[in-house]
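*Asks:* fold the following and give me the result.
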Amino acid sequence: MRIPSKVKYLDRTVNIKFLTSPRFCQELRGHYKRDAIRLSSKETREVREETFLHELIHMVDYSLNEKHVERIASRLYKVMKDNKII
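*Replies:* I've put the predicted structure just below:
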């Protein structure tokens, strides 16, 4: 999957940033905040892709709890991989 440098959602542009900071990379694989999705550059391609989907789900519905977002992202990623969508 090609992870873009930005995505448009509703009335805003959300930048995608790959971080190399040891502190960020040790504590998180990714994080979404209103203006950006931050992803750890230290992870494998597969982990980065699934984490990107995870953060997109947070972006479109921040009311979901972490457990639900994790489950949806994991299952969506598997469907996409198994069907050669990515």
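*Asks:* low-confidence ranges in the chain?
*Replies:* For the chain, no stretch is flagged by pLDDT under 70.
*Asks:* residue nearest the centroid of it?
*Replies:* Ranked by distance to the mean C-alpha position of the chain (Cα atoms, centre = their mean), the top residue is Phe52 at 1.9 Å.
*Asks:* host element of that one?
*Replies:* Taking DSSP states H and E as the definition, one finds Phe52 inside helix 45-60.
*Asks:* quick revisit: and the residue nearest to the centre of the chain, what does it touch?
*Replies:* Contact analysis of Phe52 by Cβ atoms under 8 Å, 6 or more residues apart in numbering lists 1, 3, 16, 30, 37, 39. To be clear about C-beta, it is placed using only N, CA and C from the backbone, and glycine gets the same treatment.
*Asks:* which of those are buried?
*Replies:* 16, 30, 37, 39 (16 or more other Cβ atoms under 10 Å).
*Asks:* quick one: which helix or strand includes the first one?
*Replies:* The one in question is Ile16. Using DSSP H and E, Ile16 falls in strand 12-19.
*Asks:* ditto for Arg38
*Replies:* strand 36-40.
*Asks:* endpoint to endpoint, stretch 29-45 covers what distance?
*Replies:* 12 Å (Cα to Cα, to the nearest Å).
*Asks:* what do you get for stretch 28-42?
*Replies:* 10 Å.
*Asks:* about what we covered before: and the angle for the strand holding Arg38 with strand 12-19?
*Replies:* Angle, strand 36-40 to strand 12-19, by axes from the mean of the first three to the mean of the last three Cα atoms, to 10 degrees: 20 degrees.
*Asks:* contacts for strand 36-40 next, please.
*Replies:* 3, 7, 14-19, 24-25, 28-32, 48, 51-52, 55-56, 59.
*Asks:* state the number of residues packed around Ile57.
*Replies:* Residues within reach of Ile57, counting by other Cβ atoms under 10 Å, total 19.
*Asks:* what does Leu53 give?
*Replies:* 20.
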